[in-house]
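Colleague: below: sequence and its predicted model.
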Amino acid sequence: SNQADANQTAKPSTFHEPPSGVMAIAASLSHESLGSPSDKAKNKRSKRKGSSPNSPAVPSWLAEMEAMEDEQGLTCAVCQEGRTLQPTQLLGLYGFTKKVSISGIRGGSRGFIDGTVLLVSLPSRIPESLSGTLIDEEWYQPAKKAADALRRTPSGAAALAEISSNGHGTRPAHYVTTVTAGNAIHCECHARARSADRSHPKAPKSEWEGASLRNSRVTCNVILPLVSSKSSSIPLVSIENALADHQSVVSSILGSRPKSMMWTLLHDTRLLLLRMAYGEPLNADCGGGSLTSNSGLIFRTLCLVDMYTGDADHDSPELAQHARQLSVGFLSAMEVLISTSYGAAEDEDVNILKKAILHAAPMASICCILYDNNGSMLDENQMNTETKPSALRLWEKYKERFLRGLIQCAGNRSSNGVDDSGCLTARAKRAKRPRPPSFVEWETGNDDEGDNSAKRRLALFAKRNNLRLEQIAPSLRPMLTLYAMLDHISSSFNPDMEDTAIDAASEKLTD
C-alpha cells in the first residue's frame, strides 16, 4: 500500500512539470511574441533582406525584374522594349517614302545640286593672289583631287553634259522624300507581325496595312534601320537584311536601283529640310507626322548616311570623296570668286562657277555639318584667326559664307518662280503674283575691301530702286529658316547620338 500511495503521488508530477527543453522553447516563443515593436520591425526587415538563413528566398523572376533597367529612348510598337532591354535586336523607324520628280529649271538638276558641277568647274589653277596660301593647301587642292576623280565617273560625265545645257535639261531628276510619325519597331517583331497579319483566318492584311495600325494608324511603306556605333551587339546578318530590305523598298519606289544609297539619303535629308523651311504640311501624304518626329528623322538619317559613307570609302571612294570634299570645294570656289584676279572676269567659266555655288549651297551646308563639324570646339583665339582654315568645326567658323550661298540660292529660286520645295503633289490654286526680281548678286564683294565693297553694294541697290522688302521676304524667308535649322543641327549633331539626345535636339529645333 505504501508503494501504491507513492506511485499515486508521483503521477501528477509527470503531467504538471514539463521537461526543461520544452520550457526553454516556450520561453523563447514568449520572449519573441512579447518583444518590442522595434524588435519586430528589425525582424521583418531582416527577413525581407534575406539576412536570416531560414528566411524564404526571393523568386528569381522578381529579382530579375528588380534588377532590370528602365527603358529610355525609342521602344518597339509590339514588345514595348528598346535598346536597353533588347540590345541584340535591331530597331527600325516606320516611315512613308514617296518619289518626287523635279525639273532642272525648278532646282532639280542633280549635277548642280550635289555639287558635281561645282567641283569640276573649279579653275585648273588657283589665282595668283591665293597661290601658296593655306586656302590653296587645305581647301583647293583636296577639292581639285576629288574633281579629277569625279571626271572619270558616270556622274562626272553627266555633270559636264549639264554644263553644256546650262542645267535646264528636259528630263527631270528623280528623288525620294521620307516623313515619319516617330514610331519604332524591331525588325524581327515586324517580320513576325507580318506573317501573323497575312495568315489571319478572318481578316488577313497586307504587310503595310497591318504596319499602319501599329504606326498609330499613319500610312507607312518603309522601315528605316537605326544603325549606329551602338549596334555592335546586333548580329551582322540582321543589319544586312534590314539595310537590304530598306534599299529594296527605295528601289521599288524610284523604279530603279539607286547608284548610291549615301547620296539618295543625302538628297532625302535636303528635301525634308526644304519642306520644313517652306512650312509645308508633312502629314499631307501619310496622314500623320509632326515637326518634332521629323526633326528626329533628320538626325537619324544623317547617322545612317555616316554609316553608308564608311562603306563607300571602300566600295566607291570617288563618291565618298565627293561628299567629304564638297564643303571645302564650296569655300574655295567662294574665295576664288572674291579674288580680284578671277572674280572680276565676266566669262563663261566664271558664270558657271557662280551658278554652281548658289545651286550647291544647301547640299554643301549639309555635308559640312556631317563631315567637317565633328571636332571639339577650338579655343577663341584660333576661332578668330582667319589665316588658317580649320578642319574641325568648319561650319562654326565659316557659316557666314554658307549663308551667302543660301541667299544667292533664294534669289535664283525666286527668279525662276520656285516657291516650294518641289515635293508638293496637290495644292490649292493660287492667284498669280508678280515675280520678284532676283537678288543673286547682293553679296559680290570682299569684306576686306572696305569702302570699295560698300560702294559696289550700294550701286547694286541703286540699280534696283524698285526692290522692296515685302517683295523679297517670301523668297528669302525659307532660306533664312533653313540656315537657322542647319546652325542648330551643327551644334547638336553627332554620329553617335543617343535616342535621348536626339529627342532633346528635335524638341529644341522645333521651338
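Modeller: Okay, I see it.
Colleague: residues contacting residue 279?
Modeller: Going by C-beta atoms under 8 Å, 6 or more residues apart in numbering, residue 279 touches residue 478. Glycine gets a C-beta too; all of them are placed from N, C-alpha and C.
Colleague: state which strand of this protein is the longest.
Modeller: strand 91-102 (DSSP state E).
Colleague: what does the average pLDDT come to for it?
Modeller: What strand 91-102 shows for mean pLDDT is 95.
Colleague: need the contact list for the closest residue to residue 497 other than its chain neighbours.
Modeller: Nearest residue to residue 497 in three dimensions, chain neighbours excluded: residue 299, at 6.1 Å (C-beta to C-beta, 6 or more residues apart in numbering). By C-beta under 8 Å, 6+ apart, the contact list for residue 299 reads 489, 492-493, 497, 502, 505-506.
Colleague: buried ones only from those residues, please, as a PyMOL command.
Modeller: In PyMOL, a selection of the buried entries from those looks like this (16 or more other C-beta atoms under 10 Å):
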select buried, resi 489+492+493+497+502+505+506
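Colleague: in helices, which of the contacts of residue 299 appear?
Modeller: The members of these that map onto helices under DSSP state H are 489, 492, 502, 505-506.
Colleague: which of these sit farthest apart?
Modeller: Taking every pair in the ones in helices among the contacts of residue 299 and measuring C-beta to C-beta, the maximum separation is 11.1 Å, between 489 and 502.
Colleague: so what's residue 500 scoring on pLDDT?
Modeller: At residue 500, the model reports a pLDDT of 90.
Colleague: right, I mislabeled it, should have said residue 140
Modeller: Looking at residue 140, its pLDDT stands at 94.
Colleague: one more: the one 3 residues further on?
Modeller: What the model reports as pLDDT for residue 143 is 95.
Colleague: helix, strand or coil for it?
Modeller: helix (DSSP: H, G, I helix; E, B strand; the rest coil).
Colleague: picking up where we left off before, roughly how far does the residue nearest to residue 497 sit from residue 93?
Modeller: Using C-beta to C-beta, to the nearest Å, residue 299 is found at 11 Å from residue 93.
Colleague: residue 260 contacts residue 318, correct?
Modeller: No: the criterion here is C-beta atoms under 8 Å, and residue 260 misses it with residue 318 at 10.2 Å.
Colleague: name the residue in these two with the higher neighbour count.
Modeller: The neighbour count for residue 260 versus residue 318, taken as other C-beta atoms under 10 Å, is higher for residue 260 (20 against 16).
Colleague: find the residue closest to that one in space, skipping its chain neighbours.
Modeller: residue 319 (5.3 Å).
Colleague: pretty sure residue 223 sits in a helix.
Modeller: No: Residue 223 is assigned strand when assessed by three-state DSSP, not a helix.
Colleague: quick one: residues contacting the closest residue to it other than its chain neighbours.
Modeller: Distance criterion C-beta to C-beta, 6+ apart; nearest residue to residue 223, sequence neighbours excluded, is residue 92 at 3.8 Å. By C-beta under 8 Å, 6+ apart, the contact list for residue 92 reads 184-187, 190, 223-226, 242.
Colleague: filter those down to the buried ones, ChimeraX style.
Modeller: Of the contacts of residue 92, the buried ones go into a single ChimeraX selection, burial set by 16+ other C-beta under 10 Å:
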select :184,185,186,187,190,223,224,225,226,242
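Colleague: so which of the contacts of residue 92 sit within helices?
Modeller: Mapping these onto helices (DSSP H) picks out 187, 190, 242.
Colleague: now pLDDT and distance to residue 413 too, for the residues you listed, in a markdown table please.
Modeller: Shown next, in a markdown table, are the ones in helices among the contacts of residue 92 (pLDDT from 0 to 100; distance: C-beta to C-beta, whole Å):
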| residue | pLDDT | distance to residue 413 |
| --- | --- | --- |
| 187 | 95 | 39 |
| 190 | 96 | 39 |
| 242 | 95 | 37 |
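Colleague: ok, so of these, who is nearest residue 399?
Modeller: The closest of the ones in helices among the contacts of residue 92 to residue 399 turns out to be residue 242 (C-beta to C-beta; 35.2 Å).
Colleague: follow-up on the earlier one: now render the contacts of residue 92 as JSON lines, adding distance to residue 268.
Modeller: As requested, the contacts of residue 92 are arranged in JSON lines below (distance: C-beta to C-beta, whole Å):
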{"residue": "184", "distance to residue 268": "18"}
{"residue": "185", "distance to residue 268": "20"}
{"residue": "186", "distance to residue 268": "23"}
{"residue": "187", "distance to residue 268": "20"}
{"residue": "190", "distance to residue 268": "21"}
{"residue": "223", "distance to residue 268": "15"}
{"residue": "224", "distance to residue 268": "10"}
{"residue": "225", "distance to residue 268": "14"}
{"residue": "226", "distance to residue 268": "15"}
{"residue": "242", "distance to residue 268": "17"}
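Colleague: between the contacts of residue 92, which is nearest residue 357?
Modeller: Nearest to residue 357 among the contacts of residue 92 is residue 224, at 31.8 Å by C-beta to C-beta.
Colleague: quick check: nearest residue in space to that closest one, chain neighbours excluded?
Modeller: Nearest non-adjacent residue to residue 224, counting by C-beta to C-beta, 6+ apart: residue 93, 4.5 Å away.
Colleague: give the bridge partners for the one you found, please.
Modeller: Listed beta-bridge partners, residue 93: residue 184, residue 224 (assigned using DSSP bridges).
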